[in-house]
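Student: Sequence and predicted structure are below.
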Amino acid sequence: MKHSFAIGIDIGGTNTDLGLVRSDGSCLGYNSFRTSDFVRTNDYIDRLCSAITDLLNSNGNPAINGIGIGAPNGNYLTGSIGEAPNLPVLSNLPIKEILERRIGTTVAVSNDANAAAVGEMVYGGAKALQDFVTITLGTGVGSGIVIDRRLLLGTTGDAGEIGHSILVPEGRICSCGRQGCLEEYASARGICKTFVELRNAKGYLNGMLNSISDERLSPKMIAEAAQQGDELSIETYEKTGYYLGLACANVVAYLAPQKIFLMGGPTQAGSLLMNPTQQSFEKHLLSIYKGHVQIELTHLKANDAAILGAAALLEC
């Protein structure tokens with residue numbers, strides 16, 4: 001079988017990661033550099049182009065179908081990166097147009113959550129599905145929606161902000177300026193906020209994480225403490241799962257997908273998060289959908305997921 005190739009690029013606030021992706025979903029080579037080293041847009045673009053060239057040269061310079069880019073506020077319809085507070089060097093950048101001119105190949109751009117959904121469809125657990133949703137848990141909460149095997153973009157290219165659906169009216173203040181968004185309860189920082197609120201309210205003197213300051217807390221620390229029986233940590237993941245399961249039940253009421261895939265760092269807590277999420281989901285799910293929708297962890301390997309998702313954008 002003859003394989004084709006593409007380059008997937010995951011642009012983050014700290015690093016830009018590149019991979020040469022074969023059509024069977026294998027990553028054959030990698031390159032990476034620090035996004036945060038650059039203050040001038042032209043310097044970043046020059047470095048990105050050289051990284052692409054180096055990646056191709058070090059892997060026998062194969063012909064590629066194109067380049068896919070996942071980036072915060074990347075817009076598939078415009079091919080640009082919009083306002084990106086954590087990436088000022090790339091804000092309002094027509095990156096598709098620039099790279100197509102510089103590299104001489106097709107370029108597709110989208111936000112990282114949409115890229116994750118397309119990656120699941122092309123290389124992961126949604127290969128045989130028509131309708132599904134991917135929810136990414138990380139610094140924020142992103143999502144990608146696929147209906148009839150087409151990525152839902154909306155009129156502006158920004159559709160699918162499930163993380164900014166209001167879950168708790170007048171709740172925590174979100175980075176978007178509103179209150180009570182899912183992102184404030186199911187993201188990495190949301191998990192830490194829940195733990196701090198519980199610790200402040202209950203004042204457990206025997207908690208395993210009592211010596212850890214609010215600023216140093218991480219979901220991984222909380223998960224490890226929960227696995228050792230720490231009551232506050234267990235309750236933190238129970239509350240997180242409750243909110244996430246409720247949000248997933250709402251998603252099903254809107255979209256009736258076949259599956260919802262979860263991915264991102266907090267999902268590494270495994271059953272600590274998944275069990276209460278599933279329980280809350282079943283509790284809040286509209287009865288006509290019971291037994292018809294599953295929640296699963298992504299089938300993509302964590303280390304390659306972002307690069308695979310970016311490369312898969314060329315299949316849209």
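Tutor: Great, that's in hand. What you are looking at is a predicted structure, and each value in this text was computed from that prediction instead of being measured. Numbering: from 1, shown residues only.
Student: can you pull out the strands in the stretch 51-200 of the chain?
Tutor: For the stretch 51-200 of the chain, applying DSSP state E, counting those that start in this stretch gives strands covering 67-70, 74-75, 80-81, 107-110, 132-137, 141-147, 150-151.
Student: Figure out which of these is closest to Gly13.
Tutor: Nearest of the strands of the stretch 51-200 of the chain to Gly13, taken as Cβ to Cβ: strand 80-81 at 12.0 Å. The C-beta positions use only the backbone N, C-alpha and C, and glycine is treated the same way.
Student: Put together a markdown table for the strands of the stretch 51-200 of the chain, with mean neighbour count on each row.
Tutor: A markdown table is the format used below for these (neighbours: other Cβ atoms under 10 Å):
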| stretch | mean neighbour count |
| --- | --- |
| strand 67-70 | 28 |
| strand 74-75 | 24 |
| strand 80-81 | 22 |
| strand 107-110 | 26 |
| strand 132-137 | 29 |
| strand 141-147 | 25 |
| strand 150-151 | 16 |
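Student: between the ones you listed, which gets nearest to Leu262?
Tutor: strand 132-137 (5.4 Å).
Student: what ranges of the stretch 1-150 of the chain fall below the confidence cut-off?
Tutor: 1 (pLDDT under 70).
Student: how about stretch 93-110: buried residues?
Tutor: 93, 95-96, 98-100, 103, 105, 107-110 (16 or more other Cβ atoms under 10 Å).
Student: Off-centre distance for it?
Tutor: 22 Å (Cα atoms, centre = their mean, to the nearest Å).
Student: which other residues reach it?
Tutor: By Cβ atoms under 8 Å, 6 or more residues apart in numbering, the residues outside stretch 93-110 that reach it are 41, 45, 48-49, 52, 64-71, 74-76, 78-81, 118, 151, 313-314, 316.
Student: just stretch 265-275 next, same as before
Tutor: In contact with stretch 265-275 (Cβ under 8 Å, 6+ apart) are residues 137-138, 186-188, 191, 219-220, 223, 226-227, 234, 237, 240-241, 244, 262, 295, 297-298, 302.
Student: how about the strands of the stretch 51-200 of the chain in JSON lines, adding distance to Ser213?
Tutor: Below are those laid out as JSON lines (distance: least, Cβ to Cβ, whole Å):
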{"stretch": "strand 67-70", "distance to Ser213": "33"}
{"stretch": "strand 74-75", "distance to Ser213": "35"}
{"stretch": "strand 80-81", "distance to Ser213": "34"}
{"stretch": "strand 107-110", "distance to Ser213": "37"}
{"stretch": "strand 132-137", "distance to Ser213": "23"}
{"stretch": "strand 141-147", "distance to Ser213": "24"}
{"stretch": "strand 150-151", "distance to Ser213": "41"}
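Student: And those: which comes nearest Lys202?
Tutor: Judging the strands of the stretch 51-200 of the chain by Cβ to Cβ, what sits closest to Lys202 is strand 132-137, at 24.9 Å.
Student: Show me what the closest one is packed up against.
Tutor: Judged by 3 or more Cβ pairs under 8 Å, 6 or more residues apart in numbering; DSSP states H and E, strand 132-137 is in contact with helix 112-123, strand 141-147, helix 231-255, strand 259-263.
Student: which of the buried residues of stretch 93-110 lies closest to Glu161?
Tutor: Ser110 (13.5 Å).
Student: how about the closest residue to the closest one other than its chain neighbours, what does it touch?
Tutor: Among residues not flanking Ser110 along the chain, Tyr76 sits closest, at 4.2 Å (Cβ to Cβ, 6 or more residues apart in numbering). Listed by Cβ under 8 Å, 6+ apart, the contact set of Tyr76 reads 108-110, 114, 151, 153, 157, 313, 316.
Student: if we go to 6 Å?
Tutor: 110, 153, 157 (Cβ atoms under 6 Å, 6 or more residues apart in numbering).
Student: Pro257 too?
Tutor: 131-133.
Student: what's the spacing between Cys174 and Ile166?
Tutor: 9 Å (Cβ to Cβ, to the nearest Å).
Student: Which neighbours do those two have in common?
Tutor: Cys181.
Student: out of the two, which sits in the busier spot?
Tutor: Cys174 (20 against 14; other Cβ atoms under 10 Å).
Student: residue closest to the middle of the protein?
Tutor: Among the residues of the chain, the one closest to the centroid is Thr136, at 3.5 Å (Cα atoms, centre = their mean).
Student: what's near enough to touch the closest residue to that residue other than its chain neighbours?
Tutor: Leaving aside its chain neighbours, Thr136 sits nearest to Gly142 (4.3 Å; criterion: Cβ to Cβ, 6+ apart). Residues in contact with Gly142 (Cβ under 6 Å, 6+ apart) are 113, 136, 163.
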